[in-house]
Each structure stands twice: as structure tokens, then as C-alpha cells.
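Peer 1: just coords:
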């Protein structure tokens, strides 16, 4: 099969299925271009991120990373549906990062997909896919014929007996996938792989963090519209859950409490620490924590519920450490607040601090600052 035939095969797969795992396995282009940079693009509900890497057997060289926020709506901050805005900002970001390669790996926002951990019988892969498509109908409000359905096997039977196992069900509307494919084509780019943000983030973490054997850690991705929590152990995903308390929740709480606009509340959230420092501000730091603490405490309670579920159902020890990712992780003091509420060590995830990740010295400070927000783009770019 020549290059043109292989190219056509990828396009046929994109048009016909657009299923993330199938695209990843069947893509014939990746192995042919080992010398080219690997490009990952993460389109979130509040921002677009890009990472250009060159992966070696024992290291990853970071060529360029970039991050650009999408201007939020004046009322709610939702901007992920504005394809014109996304295309404009992504085009600018690609130009700023000097990205020349047109083949990219894409991750799409968790707001565009439904992910649900479910328990299913231990069946063959074909039988399991049929069963999961039937189960998917319970979680969607549109016809199954209009859905892309995929799943991530969490491994062998765990905590439910030998006849069942856990999988993560992933469902997206065809239109949501087609929207992103069309957007990239307008930019003359070819998506060689499509994944969801949560899976790409986990891939980045496992590549760049050495986790103690038999220890469980939580990855908490605090996006604008959702917080996604994953639990990994021994390099494997054990648990995944979406929580509808996230960055926009906190911004709205500040907006309502201080009687100001959404954009102004968003700016205060980014600049002002959660805990009073005594320095004061135009609105008063003590007033800020008063307005946002209820939502933060609710988020901590939901995370603690997930911790308890993992202990009871997966039959493992208490999670001892949590890593924060996403734009919400940049709130000043969020790590110490959650550490107090969860009773575990909490720190911002930094995919660039591992000795196996190489970068130019002049880029280090900027990359460490962006690390929690560009992790999914980094993970998408990995082979």
C-alpha cells in the first residue's frame, strides 16, 4: 500500500467511525514520520492548547507548547460552541508556536462527550461493544444512531467478582466530532488521532511521573465546565468520574456574591488568593473566600465520596496524593484548601519536572507555569 492509499484509509476511518481507540490503533501514518514533531491539540471549553514533541526511547523533547484562552461569554463563560472563535484563536496559536506539521492528534473537551464508569460482564470484545452500545442509550438524549460510542477497559475483574469488570463508557454526538474535524480542515490540518481530554491527561501523567508501586494517586482536572477525577495505580486507570462543579461555578459564585459581571469575576478569581493575606483588594479577600467556599467545599465532598468508593469497591488503600490540572488548578491557594478538606497531599501537576522531559533552558520557567493546563495536549502528542 503506497502513501496515498494509506492517507485515504485514514480519511475513510475518520469519516466512518471517528472512534478514538480505533483511530489510534489503525492509523498507518504515525510510524512513517518518526522524524517529524508530534503535535497535540487540546480544545477545551475555555481555552485551546498545543504541544509539539519529539519522543525518544527514554526521553521526550519539548519543542514548543502554547496556551490561549477563549474569550468567555459575558453571562456564563461558555465559549466551546463558538467554532469561529476557536478557529481564530487556534490559528493564532499555531502561528505563534511556528507549527508547520499538518498532522495532529486531537483531544476534545469533556463537555462535548459523556463519560461514565460502568460494570459489565466479562465478554469478548465484539460482544462487549454491542452490550455497551445498548447501555449507552441510558445516558444520552439523542438517537443511538447519531452517537459515537467507545469504551476504555479498566482491566480484569476488580471488586465485583470474576464474572464482571469495570469499563469507562465514552459517548459523543456525531455532530460534536464532525465540528472539530471540520474546524481543523479549515486550518488545513489532518487529525490522525481523536481522544478525550481525560485519557490524554492520564497518558501524559503516566509518562512523566514515577508512581510508587501499589500506591493510588488521584488526578483532578479542574476545567471551566467540569472537574474530571481519575484514579491510577501501577500505571493503570482504575476509576474515572466527572463532577459538575468547576471553574465557571466558582466564577458565578463570585459574580453573584459581589454583584459584578462574569468577566470581572473571572479576573478576580485568577488574581486573588483564596485565603486572606492581609494585603486587601478592591473587594476584600475575606469576602471572596466567603462567596467561593461553599462551592469549593461541595467539590471536596464529591472528591471524598469518590475516594470512599474506590476504597470500598476497588478494595484498595486510601488515596495518599492528588495532582491538580486544568485552568482551575491555577487558583491561588486551591491546592492547600483541597489538601485540608481531603486529608491528602495535594500539588499542582507538572509534566515538565521529570528528568526524562527535555526542553530549552530559556523555556523552562514558562513551561512549568503552563504545565497544569497543557498536560492533555502533551499526552495527545505522545505516540
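Peer 2: Right, received. Where do you want to start? Keep in mind that this is a model prediction, so the values were computed, not measured.

Peer 1: apart from its neighbours in sequence, what residue is nearest residue 82?
Peer 2: residue 70 (7.3 Å; Cβ to Cβ, 6 or more residues apart in numbering). (Glycine included, C-beta is placed from N, CA and C.)

Peer 1: do I have it right that the one you found meets residue 83?
Peer 2: No: assessed by Cβ atoms under 8 Å, residue 70 is found out of contact with residue 83, at 10.9 Å.

Peer 1: helices and strands of this structure: which one bottoms out on pLDDT?
Peer 2: Lowest by mean pLDDT, DSSP states H and E among the helices and strands of the chain is helix 20-26, with a mean of 37.

Peer 1: so what does the helix or strand just after it touch, helix or strand wise?
Peer 2: Elements were assigned by DSSP states H and E; along the chain past helix 20-26, the next helix or strand is strand 38-43. Secondary-structure packing of strand 38-43 (3 or more Cβ pairs under 8 Å, 6 or more residues apart in numbering; DSSP states H and E): strand 47-55, helix 83-96, strand 103-108, helix 197-208, helix 364-381.

Peer 1: need the ones you listed in TSV (columns: mean neighbour count, distance to residue 310 and mean pLDDT).
Peer 2: Output for the helices and strands packed on strand 38-43, formatted as TSV (neighbours: other Cβ atoms under 10 Å; distance: least, Cβ to Cβ, whole Å; pLDDT from 0 to 100):
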stretch	mean neighbour count	distance to residue 310	mean pLDDT
strand 47-55	24	29	92
helix 83-96	16	35	88
strand 103-108	24	25	88
helix 197-208	24	15	91
helix 364-381	24	22	92
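
Peer 1: could I get these in TSV, plus columns for distance to residue 241?
Peer 2: TSV is the format used below for those (distance: least, Cβ to Cβ, whole Å):
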stretch	distance to residue 241
strand 47-55	22
helix 83-96	27
strand 103-108	18
helix 197-208	10
helix 364-381	17
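
Peer 1: out of those, the one nearest residue 260 is which?
Peer 2: Closest to residue 260 of the helices and strands packed on strand 38-43 is strand 47-55 (Cβ to Cβ; 22.1 Å).

Peer 1: who touches the closest one?
Peer 2: For strand 47-55, the surrounding residues in contact (Cβ atoms under 8 Å, 6 or more residues apart in numbering) are 37-42, 60-70, 86, 89-90, 93-94, 97, 99, 101, 224, 327, 373-374, 376-378, 380-383.

Peer 1: pretty sure residue 357 sits against residue 58.
Peer 2: No: between residue 357 and residue 58 there is no contact under Cβ under 8 Å: 11.2 Å.

Peer 1: higher neighbour count, these two?
Peer 2: residue 357 (19 against 6; other Cβ atoms under 10 Å).

Peer 1: any weak-confidence spans in the stretch 251-383 of the chain?
Peer 2: Scanning the stretch 251-383 of the chain for pLDDT under 70 picks out the ranges 275-287, 315-317.

Peer 1: what segments of it are helices?
Peer 2: For the stretch 251-383 of the chain, the helices defined by DSSP state H, counting those that start in this stretch occupy 262-271, 285-313, 334-342, 364-381.

Peer 1: what comes up buried for the longest one?
Peer 2: Pointing back at helix 285-313 there. Neighbour counts over helix 285-313 (16 or more other Cβ atoms under 10 Å) mark 285, 288-289, 291-292, 295-296, 299-300, 302-303, 306-307, 310 as buried.

Peer 1: quick one: that helix to chain centroid distance?
Peer 2: 20 Å (Cα atoms, centre = their mean, to the nearest Å).

Peer 1: and that helix, what other elements does it pack with?
Peer 2: Counting by 3+ Cβ pairs under 8 Å, 6+ apart, helix 285-313 packs on strand 216-222, strand 227-233, strand 236-243, helix 247-258, helix 334-342.

Peer 1: what angle do strand 227-233 and that helix make with each other?
Peer 2: Relative orientation of helix 285-313 and strand 227-233, computed by axes from the mean of the first three to the mean of the last three Cα atoms, to 10 degrees: 40 degrees.

Peer 1: and the angle for helix 285-313 with helix 262-271?
Peer 2: Using the same axes, to 10 degrees: helix 285-313 against helix 262-271 is 70 degrees.

Peer 1: what about the residue nearest to residue 82, how many neighbours?
Peer 2: So residue 70, with other Cβ under 10 Å, has 22 neighbours.
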